[in-house]
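K.L.:
attaching a predicted model along with its sequence, questions to come.
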Amino acid sequence: MAEIPDITIEVSHLKKNYGPLTAVNDLSFSVKRGEILGLLGPNGAGKSTTMRILTGFLPATSGSVRICGLPVASQSEATKRHIGYMPENNPLPDDMRVSEYLWFRGRLKEMARARLRARIDEVLELCDLKRNRHRILGRLSKGNRQRVGIAEAILAEPAVIIMDEPTIGLDPHQIIIVRDLIASLRGRMSVIISSHILPEIEATCDRVLIINSGRIVAQGSPAELRQEIFGHTSYRVDFAGDATALAPLLATLEPTLKVESVGDCGGDGFCSATLTTESSEDLGEKILAVLPLHGFRVRSLARRQPSLEDVFLAATRRSWDARLPDPKGDSRAPLPKA
Amino acid sequence: MRHYPTILSHEIRALLYSPSTYIAAVFFLGVMGFIFAGILDLYSKAPQEVPPAAVFFQLYWFPVFFMVPLLTMKSFAEERRMGTLETLLTAPVSTTEVVLGKFTAAYLFYMLLWGSTLGFHYLLQLYARDARFLDPGPIIGGYLFIAISGLLFISVGILASALTRNQAVAGILCFTMLLGLIGGLSYLGDLNALHAEGLHPVKAALDNLRIGNHVEDFTHGVIDTRQVVFYVTGSVLALIFSILGVEVKILGS
């Protein structure tokens, strides 16, 4: 196999129309070797369409996709050799046995017989399917079917693995197994997974791409996204003492630290307040140290990180508000000032 | 064409595992057995002018109408419905290889079923103990006709299956196309309107396309290259349309 370049997937200005409907609108991104990219978006955002274009199954309306440096549109057969793909819902022929299916797929992917035989044992072991190797695909449980799909995708050791909702319909236990399996590919293969299950993406992906109505609305690592979308960290503190004296005190600690709100104080004299700061530093220790010195009694302090779920909701809502093309021709919707 | 053998063996396996294949086979052999026995019954009552094999092959259309749809309707419709067409075409294979693989598998099975009717002729000779009953000429000609016309019939079935995701629709579409090919062409040739002077070339062309006449020629030992060209080009055309059909359907998916 030819040398694999450092950037395995390059998508630039990708566009796909289904008649009058624009499913993917000017999408550009790239994936480095060994990186796990999560594609996040609500239903109908264009995740599956993007993946199908990457695999060469669907032609794009305009724009270009390069897999390992080769253009998908003109050399689709060559790029398909670099891709392991698991479609949504993982369709499998019901009447074949697990090992027969993997053999057939391996032969289609041009693996030599001797190598394929050893490799099938290897992936069955890796995906914990050894006990099921002679079972009929149609009778496997959903989790096992999903694992067969993953085994099939990594069978030929491609440089790029594309999985459309690999954890859909699995129970929490199976989700963990599948997630570990995907994480074990890190560093060796570039992986793109799509999902709308957020903890999933947060746990496995190095980088997240949030898309909505065919455009990228946010991208970066989960931590960067939090910082970018919210721009502030918040703390929640339960304290007893003079609530009005709290704000000036905190300002001496860190200029951007403000009291967002003070909740109802209970009968025991403890109130709970929400503090926000633009500083990315963890101020927890300082707050804990300063408050008792000035007569406050502190019962609890928590640093509240926005989850990826909040990020996702904020990002996709934002692009609903801004459906019209933005002035600079940037592929991302304009950010509203929070 | 590297993947052609892989796809072909996969398809043959799929045909062997599918119940509809066995339904087609049992139905076919049962019906053909009855027809053959009926022909022999006829011959035992009164002397006839043509050998029994010639009459047997004249009835080729009967099994074609139900067997070809049963053998081919699954090929693409089922894969599309299950979604496995997507995994198949995202492997480094071309649509041409897939279409040819499915076509060859169905064709081989079609020929295998027809080949098993050789047993009828063998049994006839075994019990008649008279070489005249087993005149090899019409039998060889007849099987040659089946082999060549089968190319067209099976490729029409593949085309029907490539156009839809529903097996039943594929089966009925295939039946209709075969009916048009076998019945429709000879019906058109019989139209009175074609007897007009100016339409003579049209009538001559339609007469040449009459598949019933082709069987007669083949069983009488006349192998007309024009007829062979008709079947071969027709099947190539149907296969090209199947390839286009599969690809166009993906565009709309």
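P.N.:
Perfect, thanks for sending it.
K.L.:
all contacts plus neighbour counts: C-alpha atoms, from now on.
P.N.:
Fine.
K.L.:
number of nearby residues for B:Thr6?
P.N.:
The tally of other residues near B:Thr6 (other CA atoms under 10 Å in any protein chain shown) stands at 18.
K.L.:
show me the contacts for it.
P.N.:
A:Phe104, A:Arg107, A:Leu108 (CA atoms under 8 Å, 6 or more residues apart in numbering or on different chains).
K.L.:
weed out the non-buried ones from the residues you listed.
P.N.:
A:Arg107, A:Leu108 (16 or more other CA atoms under 10 Å in any protein chain shown).
K.L.:
restrict the contacts of B:Thr6 to those near chain B?
P.N.:
A:Phe104, A:Arg107, A:Leu108 (CA under 8 Å from any CA of the partner chain).
K.L.:
so which bits of chain A are right by chain B?
P.N.:
Counting by CA under 8 Å from any CA, the residues of chain A lying close to chain B are A:18, A:55-59, A:76-78, A:80-81, A:85-87, A:91-93, A:95, A:104-105, A:107-110.
K.L.:
what about burial for these, which qualify?
P.N.:
With burial judged by 16+ other CA under 10 Å, the buried subset of the residues of chain A next to chain B is A:55-59, A:76-78, A:80-81, A:85-87, A:91-93, A:105, A:107-110.
K.L.:
helices - which of these land there?
P.N.:
A:Thr55, A:Ser76, A:Glu77, A:Ala78, A:Lys80, A:Arg105, A:Arg107, A:Leu108 (DSSP state H).
K.L.:
please verify my assumption that the second one contacts A:Gly56.
P.N.:
In other words, A:Ser76. Yes. Counting by CA atoms under 8 Å, A:Ser76 sits close enough to A:Gly56 to count as a contact (5.8 Å).
K.L.:
neighbours of the closest residue to A:Leu92 other than its chain neighbours, how many?
P.N.:
Using CA to CA, 6 or more residues apart in numbering or on different chains and skipping the chain neighbours, the partner closest in space to A:Leu92 is B:Thr84 (6.1 Å). Applying other CA under 10 Å, we find 18 residues neighbouring B:Thr84.
K.L.:
how far does stretch A:85-101 sit from its chain's centre?
P.N.:
How far stretch A:85-101 lies from its chain's middle: 25 Å, per CA atoms, centre = their mean, to the nearest Å.
K.L.:
surely B:Gly221 meets B:Pro138?
P.N.:
Yes. Between B:Gly221 and B:Pro138 there is a contact under CA under 8 Å: 6.8 Å.
K.L.:
in terms of neighbours, single out the busier of these two.
P.N.:
B:Pro138 (25 against 15).
K.L.:
now B:Arg81. Nearest residue, chain neighbours left out?
P.N.:
B:Arg165 (5.4 Å).
K.L.:
pretty sure the one you found sits in a helix.
P.N.:
No. Going by DSSP: H, G, I helix; E, B strand; the rest coil, the assignment for B:Arg165 is coil, not a helix.
K.L.:
ok, it - contacts?
P.N.:
When contacts are counted by CA under 8 Å, 6+ apart, B:Arg165 touches B:Phe76, B:Ala77, B:Glu78, B:Arg80, B:Arg81.
K.L.:
of those residues, which is the most crowded?
P.N.:
Ranking those using other CA under 10 Å puts B:Phe76 first, with 28 neighbours.
K.L.:
okay, and it sits in which element?
P.N.:
B:Phe76 is part of helix B:74-82 when elements are defined by DSSP states H and E.
K.L.:
in the chain, which spans are helices?
P.N.:
Let's take chain A. Counting by DSSP H, the helices of chain A are A:47-55, A:76-80, A:98-108, A:113-126, A:142-154, A:172-183, A:198-204, A:222-230, A:246-253, A:284-293, A:308-321.
K.L.:
my bad, the chain I had in mind was chain B
P.N.:
Applying DSSP H to chain B gives helices spanning B:4-17, B:19-45, B:52-58, B:61-72, B:74-82, B:84-90, B:95-116, B:118-128, B:136-162, B:167-179, B:185-190, B:200-208, B:211-219, B:225-252.
K.L.:
looking at these, which is buried most?
P.N.:
helix B:136-162 (a mean of 24; mean count of other CA atoms under 10 Å in any protein chain shown).
K.L.:
same question for that helix, mean pLDDT?
P.N.:
Throughout helix B:136-162, pLDDT has a mean value of 93.
K.L.:
and what of stretch A:243-252?
P.N.:
Here the average pLDDT along stretch A:243-252 is 79.
K.L.:
other residues contacting it?
P.N.:
A:Leu257, A:Lys258, A:Val259, A:Val262, A:Ile287.
K.L.:
ok, now with 6 Å
P.N.:
A:Leu257, A:Val259 (CA atoms under 6 Å, 6 or more residues apart in numbering or on different chains).
K.L.:
confidence score at the residue positioned nearest the centre of chain A?
P.N.:
The residue at the geometric middle of chain A, judged as the C-alpha nearest the mean C-alpha position with CA atoms, centre = their mean, is A:Gly38 (2.7 Å). We note a pLDDT of 90 for A:Gly38 in this prediction.
K.L.:
with the one 3 residues further on instead?
P.N.:
A:Gly41 is assigned 82 on the pLDDT scale.
K.L.:
where's it relative to chain B, distance?
P.N.:
Using CA to the nearest CA, to the nearest Å, we find A:Gly41 at a distance of 20 Å from chain B.
K.L.:
about what we covered before: does the residue nearest to A:Leu92 touch A:Asn90 like I think?
P.N.:
No. The pair B:Thr84 / A:Asn90 is not scored as a contact, 8.5 Å apart, by CA atoms under 6 Å.
K.L.:
quick check: neighbours shared by those two?
P.N.:
Shared contacts of B:Thr84 and A:Asn90, defined by CA under 6 Å, 6+ apart, are absent.
K.L.:
which residue packs closest to whatever residue of the stretch 201-338 of chain A ends up closest to chain B, ignoring adjacent ones?
P.N.:
Nearest residue of the stretch 201-338 of chain A to chain B: A:Gly214, at 17.2 Å (CA to the nearest CA). Leaving aside its sequence neighbours, A:Gly214 sits nearest to A:Val24 (CA to CA, 6+ apart; 3.8 Å).
K.L.:
up against chain A, what does chain B have?
P.N.:
In this structure, chain B approaches chain A at residues B:Gly83, B:Thr84, B:Thr90, B:Pro92, judged by CA under 6 Å from any CA of the partner chain.
K.L.:
cutoff 10 Å now
P.N.:
Contacts of chain B with chain A, taken as CA under 10 Å from any CA of the partner chain, map to B:2-7, B:9-10, B:13-14, B:17-18, B:78-79, B:81-94, B:247, B:250-253.
K.L.:
okay, which residue of chain A is out on the far edge from center?
P.N.:
In chain A, by CA atoms, centre = their mean, A:Gly295 is the one farthest from centre (45.4 Å).
K.L.:
what sits against the residue lying closest to that residue once chain neighbours are set aside?
P.N.:
The spatially closest residue to A:Gly295, leaving aside those adjacent along the chain, is A:Gly241, at 6.9 Å (CA to CA, 6+ apart). Residues in contact with A:Gly241 (CA atoms under 10 Å, 6 or more residues apart in numbering or on different chains) are A:Gly269, A:Phe270, A:Cys271, A:Leu291, A:Pro292, A:His294, A:Gly295, A:Phe296, A:Arg297, A:Val298.
K.L.:
ok, now which ones touch the residue lying closest to B:Val55 once chain neighbours are set aside?
P.N.:
Leaving out its chain neighbours, the residue that sits closest to B:Val55 by CA to CA, 6+ apart is B:Ile39, at 7.5 Å. Going by CA under 10 Å, 6+ apart, B:Ile39 touches B:Gly33, B:Pro52, B:Ala53, B:Val55, B:Phe56.
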